[in-house]
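> For reference, the sequence and a predicted model appear below.
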Amino acid sequence: MKLNELAAQLGLECLASTPQADQAEITAGYVSDLLSDVLAHAPRGGVLVTVQVHLNVVAVAVHAGLAAIVFALGRRPDDVVCARAREEGIALYASTLPAFELVGRLYAAGVRGTAA
C-alpha cells in the first residue's frame, strides 16, 4: 500500500512529506525507541513507530533507509526536525494512539515486521 493511502486509512497527521515519499510502497514496519536497535533491524523502505521526536531519529531513518516515521502518543517533533526530514525525503506522521495500538492497526492494514 502506498504511504499516503496508509496514512489516510489510519488517520495519521502528516507533519512532513515529499511527493516521492507519499508514493512509497510500504509493506514492512518496525517499532522501537532504541535507535541502535532501529539501525540494526528496521526494514529498508519501511515505516518506524516511535515516541522519540529528536533530530537523531531522522538521521537514523536516513541511514536505515526508512520511508517514514510515525510518532505515537501524540508526540510531535519541532520544526527543525520536520524541516530536516523533508530535506532527507523522510515522511513524518503523528498519531494520538499508543504504539501498541498503532502497530496493531498497521498489521491489520497489511504491514508486516521482519524476522530478526
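Sure, I can see it.

> Report the contact partners of residue 1.
9, 25, 26, 27, 109, 110, 111 (C-beta atoms under 8 Å, 6 or more residues apart in numbering). Placement of C-beta: from N, CA and C, glycine included.

> what about 10 Å?
7, 9, 24, 25, 26, 27, 109, 110, 111 (C-beta atoms under 10 Å, 6 or more residues apart in numbering).

> what ranges do the strands span in the protein?
With strands called from DSSP state E, the chain shows them at 13-16, 29-31, 47-50, 68-71, 91-94.

> Make CSV out of those and add mean neighbour count and distance to residue 41.
Shown next, in CSV, are the strands of the chain (neighbours: other C-beta atoms under 10 Å; distance: least, C-beta to C-beta, whole Å):
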stretch, mean neighbour count, distance to residue 41
strand 13-16, 18, 24
strand 29-31, 22, 6
strand 47-50, 25, 10
strand 68-71, 27, 15
strand 91-94, 24, 20
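
> which residue sits closest to residue 78, ignoring its sequence neighbours?
Spatially, and ignoring its direct neighbours in sequence, residue 78 is nearest to residue 53 (7.6 Å; C-beta to C-beta, 6 or more residues apart in numbering).

> Between the strands of the chain, which one is closest to residue 40.
Between residue 40 and the strands of the chain, the shortest separation by C-beta to C-beta is 10.2 Å, and it involves strand 29-31.
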